[in-house]
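In: Okay, predicted coordinates and the sequence, questions at the end:
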Amino acid sequence: MLRNAVREQHPKSFVKAFSTWLEANHVSQSIPEALQNPSSSRRFASTSRAVLKSPPKLIEPALPRFLRRQLLQKEADKARSAPPKTSLKQKPASSEARPVFRSRHYDPSSETPKSEARLLEPHVLSARLKKLCDESKVDDAVYMLKNAPLDAQNTPVWNTLIWETLKAQRYQLAYQLYVDMKRRGFSPTTRTFQTLFNGLSKIEHWPTHPKQLKNARSLYEAFERHIESLKRHDPDHPDLSIDPLAGYIRILGSAGCYQEIFDVYYSMDQEGKLAPNQYIFTAMFKAIVAAKGDTTEGSVKVAADTRLLWSQMIKISNKTKAFTPDSHLVTSALAALAGGNKADHELAFGIINQYYGLEVDKPVSRSGMFPLQAEPLDVIFRLCTQSQNYAQARQFLQQVKRRPGDIGGPSILDRAHMEEVLRAELALGEPGLGYHAVDTLEWMLRQEIIGSNGPKIRPALSTYNLVMQACWRSGDWPSAMRTFDLMTGYHAHDFMDGSVAESPRFDKRGPGRNLPATAEFTSLMLKTALVTKNRANIRQALRIVNHIGFVTILGSQGQERQTTTKTIKDKAFYGSKFATALTEAVNTALEEGGKFARPEEAKTWQALSKEAKAHLTEIGVPVKSGRQQKSSNTPSKRSD
């Protein structure tokens, strides 16, 4: 209060004293002047905290915004173009300044910058998946695909893995991949369904795969929805194709679903892009043949339905220029017509004449629509056998031998063709059967040397068995001995009466041309000797058996290298036939006290008979007496 009073009474003296104090404490002199100013806030005259206001600043006029931007741009360009400033006092890099990594073997200088790294492409991923599957690492391939970047995945990549799993017979995994592909947003294409149907059609025994048949039906329904969607959005879409249904039809045929095959067929369009084509008709013919067991009529119904399908195929092919029957379609139709009646067979032979140029009951053929190949010729020979036109098979063979090579000549013939013709001749049973069979055998051996189809037409053990069977049926012993010479390499003349050699001659040929005598072949040879009613032939056959050895013949499997259930059964069956024929031949040769045999040979043959009887006892076949062993082919009176 007193200080306020003093300040009010003597203001000048107060200001002077306060200024002296401020100068002593280094305070600016502007404050006393401000206090003297009447407009001052008089902060220091009161104990209250008053805010000291600074005098207003003068605002300079600002440049327009576009000019300020130009100036800033110029300064930025100068800074960018100026060389970097280098410090002369930079310290050398020391080991302490290097970054430390978790692995001491890591070298950051060898790393590729992320900007330069190449992205994984779909075709590269497909190649990697295929390589893993080739190494039997299907599960690793599935893991790689599911964890691959989405940019590297597409429907063709998934199709690749689905096909590889089907090749590995992982059918359920393939269907799961199909489902997973759709869940990940990749829509299946027509190629996807074709891949799945073709893979599932490789299943041979469908009773053990009922779930896969259910999956196939589900895929068929999905394919129908896929086609309807494409037709609705773009009728000319390139994915509009009926080809995948050929695989589904083959699946139904293998599974025995005869009626379902025709349900699928009649659900197709009869005209246009989605009408049945050559692939569908080929699959239809093969499927109904495979599913003939599902019908009560069997092959007769198959042939009748084939005749109907053939007429529809001709109509569709006449309407559609892009549809032309091929050799596979014709071959499958011929195979389906083989089990029918006479009308079906006449249609089949007409098709053969039209498409392949082989004439019925004529010595010379002509050019057909297609060149004759090995597969159609095999079906043609089987058709002749099943339709009981045995003579026609022999005529077709002679026509093929005379044809030029560019339309299907002798070069297309192989061992299967010749054996089918031999079966037809056996069924025909004409005089001179053995002679013609040996003539066919010798032609095959010559064709092996001079023809371009050498290894394919080389006679096998089954061929020699058929020829020996023809010799037995015709009772032709010279032809039988010629067959024995050609097969084994021994000289049969060295086993005849009056010219028996201590060491029979043996011609060693190239690999696969000297075949051992098996139980089946030797039993047929012994039966041929017995049916001739000539003891000299029987003695010659017994000398051959004695030279080769009973145990050796019994254990020989010829060209068979695999031991299967069928080979074991065949070996036991023909072993019993061989032992029975050998016992009968010995009993015949030693009739009337063995006066027709030399004593030393009689002892040897008795030992052979003893071995044969022991073998029959071992396998459980009852041994008959000499009189009971005489078959219908064994005569009551024989010549020496």
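Out: Nice, I can see it.

In: Contact partners for residue 63?
Out: Contacts for residue 63 (Cβ atoms under 8 Å, 6 or more residues apart in numbering) come out as residue 71. For every residue, glycine as well, the C-beta is placed using N, CA and C.

In: ok, now residue 517?
Out: Contacts were defined as Cβ under 8 Å, 6+ apart; by that measure residue 517 touches 484, 487-488, 525, 544, 548, 553, 556.

In: ok, now residue 307?
Out: When contacts are counted by Cβ under 8 Å, 6+ apart, residue 307 is found next to 337, 340, 343-344, 347.

In: For my notes, please list the contacts of residue 517 in TSV and give neighbour count, secondary structure and pLDDT for each entry.
Out: Output for these, formatted as TSV (neighbours: other Cβ atoms under 10 Å; DSSP: H, G, I helix; E, B strand; the rest coil; pLDDT from 0 to 100):
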residue	neighbour count	secondary structure	pLDDT
484	25	helix	96
487	24	helix	95
488	19	helix	94
525	28	helix	97
544	23	helix	95
548	16	helix	94
553	21	helix	93
556	20	coil	79
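
In: And these, which is closest to residue 498?
Out: When the contacts of residue 517 are compared for distance to residue 498 (Cβ to Cβ), residue 544 comes out closest, at 15.8 Å.

In: Surely the closest one touches residue 526?
Out: No - counting by Cβ atoms under 8 Å, residue 526 is not a contact partner of residue 544; they are 9.3 Å apart.

In: Pass me the low-pLDDT residue ranges in this protein, would you?
Out: Residues of the chain that meet the criterion pLDDT under 70 lie in 1-62, 66, 83-98, 112-117, 557-563, 624-640.

In: Give me the most central residue, it.
Out: Of all residues in the chain, the one closest to the mean position by Cα atoms, centre = their mean is residue 167, 6.1 Å from it.

In: Return the residues in contact with residue 180.
Out: Residue 180 makes contacts with residue 146, as judged by Cβ under 8 Å, 6+ apart.

In: Now it: which helix or strand?
Out: When elements are defined using DSSP states H and E, residue 180 is found to belong to helix 171-183.

In: ok now that helix, how far from the chain's centre?
Out: The gap between the average C-alpha position of helix 171-183 and the chain average comes to 20 Å, counting by Cα atoms, centre = their mean, to the nearest Å.

In: Could you pull out the buried residues of that helix?
Out: Burial within helix 171-183, assessed by neighbour count using 16 or more other Cβ atoms under 10 Å, is assigned to 171, 173-175, 177-178, 181.

In: got the CA positions of it in CSV?
Out: Included here for helix 171-183 are C-alpha records, laid out as CSV according to Å, rounded to 0.1, in the frame of the first residue of the first chain:
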residue,chain,number,x,y,z
TYR,A,171,-8.1,-91.3,-58.9
GLN,A,172,-9.7,-90.0,-55.7
LEU,A,173,-6.9,-87.4,-55.3
ALA,A,174,-7.5,-86.2,-58.9
TYR,A,175,-11.2,-85.6,-58.1
GLN,A,176,-10.2,-83.8,-54.8
LEU,A,177,-7.9,-81.5,-56.9
TYR,A,178,-10.8,-80.8,-59.2
VAL,A,179,-13.0,-79.8,-56.3
ASP,A,180,-10.1,-77.7,-54.7
MET,A,181,-9.5,-76.0,-58.0
LYS,A,182,-13.1,-74.7,-58.1
ARG,A,183,-12.9,-73.6,-54.4
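
In: What is the subsequent helix or strand relative to it?
Out: Heading C-terminal from helix 171-183, the first helix or strand you meet, by DSSP H and E, is helix 190-200.

In: Not counting that following helix itself, show me its contacts.
Out: Helix 190-200 is contacted by residues 155-156, 158-159, 162-163, 166-167, 171, 174-175, 178, 181, 212, 215-216, 219, 222-223, 226, 239-241, 243-248, 250-251 when judged by Cβ under 8 Å, 6+ apart.

In: Buried ones from those, can you make that a PyMOL selection?
Out: For the buried members of the contacts of helix 190-200, the matching PyMOL selection, counting by 16+ other Cβ under 10 Å, is:
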select buried, resi 158+159+162+163+166+171+174+175+178+181+212+215+216+219+222+223+226+240+241+243+244+245+246+247+248+250+251
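
In: Among the contacts of helix 190-200, which lie within helices?
Out: Per DSSP state H, helices hold the following members of the contacts of helix 190-200: 155-156, 158-159, 162-163, 166-167, 171, 174-175, 178, 181, 212, 215-216, 219, 222-223, 226, 244-248, 250-251.

In: ok, back up a step: could I get the contacts of residue 307 as a markdown table with secondary structure?
Out: Rendered in a markdown table, the data for those read as follows (DSSP: H, G, I helix; E, B strand; the rest coil):
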| residue | secondary structure |
| --- | --- |
| 337 | helix |
| 340 | coil |
| 343 | helix |
| 344 | helix |
| 347 | helix |
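
In: how about the residues you listed, which pair is most distant?
Out: When the contacts of residue 307 are compared pair by pair using Cβ to Cβ, the maximum separation belongs to 337 and 343, at 9.6 Å.
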